[in-house]
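Q: Structure for the following, please:
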Amino acid sequence: MLAKERYRYSPADYLVASVNLPVAGQVIKASSEEPYLALKLEFTPGQVLEVLSDSGFQGGRKKHTKRAMFVSKTEQPLLSAVSRLACLLDTPQDIPVLAPIFTKEILYRVLQGPHGQTLEQIAIEGSYTYRIKDVIEYIMKDFDQALRIEELASIANMSVPSLHRHFKAVTAMSPIQFQKQLRLQEARRLLLTMSVDAADAAFRVGYESPSQFSREYSRMFGFPPKEDIKRLRENLTK
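A: Residues are numbered from 1 along each chain as shown. Down below sits the predicted model:
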């Protein structure tokens with residue numbers, strides 16, 4: 001889930017996020033007989049650019065701005081490359097040589113897929129997605145600090161209205177909403193994994209008002225902090 005958008009993908013699909021996003025996910029079907037298994041790969045803009053260059057990409061599509069996350073069907077060539085990469089677990093001596101080759105092929109197949117243009121924008125310096133990526137990295141680095149929208153616009157080399165428009169096109173939310181989701185997700189992690197109360201977690205992630213934190217936490221996760229963490233811990237022990 002990204003903001004209010006739901007992305008559902010099956011064993012025959014793959015999901016790509018071309019920038020860091022505060023997403024939340026849930027496994028809705030799994031069992032000991034058919035467990036949930038997933039493979040996560042991370043690529044740098046440099047790796048994306050290398051594959052684009054090797055495949056003859058000429059650039060020039062800087063004005064393309066779309067949501068940075070998408071789901072697509074896994075076609076046979078991509079599935080074959082993923083399978084070969086996973087099978088290297090049986091021959092670890094082959095990993096240093098073959099893993100980079102198979103990983104590069106996977107990236108190539110995704111770039112050749114129906115949403116390849118969305119991913120390629122992260123490697124095109126000066127594209128709107130590339131500039132929004134810089135803003136996202138800035139927000140994530142100090143998400144507990146107050147935001148100055150004019151400063152974010154300067155980082156992106158955009159006007160404030162243009163920043164809001166392209167930031168929402170890429171992330172499905174405004175910069176302030178993006179920061180809020182980062183704060184609340186980190187607070188939830190602190191409450192679940194550390195001995196802190198709601199007020200302490202609120203201050204650690206940048207809230208000045210515990211009551212405001214509690215309201216926004218309840219709005220995002222559906223329960224007040226204490227009740228939500230109790231529910232999560234009970235689910236983990238089932």
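Q: Which parts of the protein are strands?
A: Secondary structure of the chain (DSSP state E): strands at 13-17, 69-73.
Q: Packing partners of the first one?
A: Counting contacts by 3 or more CB pairs under 8 Å, 6 or more residues apart in numbering; DSSP states H and E, strand 13-17 is packed against strand 69-73. Every C-beta, even on glycine, is put in place using the N, C-alpha and C of the backbone.
Q: The strand it packs on - what's its average pLDDT?
A: In this model, strand 69-73 has a mean pLDDT of 96.
Q: Kindly report the same for stretch 204-213.
A: 97.
Q: Kindly check the end-to-end length of it for me.
A: 11 Å (CA to CA, to the nearest Å).
Q: which residues touch the lengthiest helix in the chain?
A: Longest helix in the chain by number of residues (criterion: DSSP state H): helix 175-193. Applying CB atoms under 8 Å, 6 or more residues apart in numbering, the contact partners of helix 175-193 are 3, 22, 24, 135-136, 139-140, 143-144, 147, 149, 152, 163-164, 167, 171, 173, 196, 198, 200-202, 204-207, 213, 216-217, 220-221, 225, 228-229, 232-233.
Q: can you pull the contacts of the residue sitting furthest away from the middle of the chain?
A: In the chain, the greatest distance from the average C-alpha position (CA atoms, centre = their mean) is reached by residue 93, at 31.7 Å. Contact analysis of residue 93 by CB under 8 Å, 6+ apart lists nothing.
Q: what's the answer for residue 136, then?
A: Going by CB under 8 Å, 6+ apart, residue 136 touches 19-21, 171, 178.
Q: per-residue confidence at it?
A: 98.
Q: if I look at it, how far off is residue 178?
A: For residue 136, the distance to residue 178 equals 7 Å [CB to CB, to the nearest Å].
Q: Repeat that for residue 4.
A: 13 Å.
Q: Which of the two has more residues huddled nearby?
A: Neighbour count, other CB atoms under 10 Å: between residue 4 and residue 178, residue 178 has more, with 25 against 7.
Q: one step back: nearest to residue 99, of the strands of the chain?
A: Across those, residue 99 has its closest neighbour in strand 13-17 (18.2 Å, CB to CB).
Q: one step back: I'd like the contacts of residue 136 laid out as JSON lines, including pLDDT and distance to residue 105.
A: Shown next, in JSON lines, are these (pLDDT from 0 to 100; distance: CB to CB, whole Å):
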{"residue": "19", "pLDDT": "96", "distance to residue 105": "23"}
{"residue": "20", "pLDDT": "95", "distance to residue 105": "25"}
{"residue": "21", "pLDDT": "96", "distance to residue 105": "25"}
{"residue": "171", "pLDDT": "97", "distance to residue 105": "29"}
{"residue": "178", "pLDDT": "98", "distance to residue 105": "33"}
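Q: Closest one of those to residue 122?
A: residue 19 (6.6 Å).
Q: Next, count neighbours for the closest one.
A: Using other CB under 10 Å: residue 19 sits among 19 other residues.
Q: tell me the contacts of it?
A: 68, 122, 129, 132-133, 136, 170-171.
Q: could the strands of the chain be laid out in a markdown table, adding distance to residue 117 and mean neighbour count?
A: Putting these into a markdown table (distance: least, CB to CB, whole Å; neighbours: other CB atoms under 10 Å) gives the following:
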| stretch | distance to residue 117 | mean neighbour count |
| --- | --- | --- |
| strand 13-17 | 12 | 16 |
| strand 69-73 | 10 | 16 |
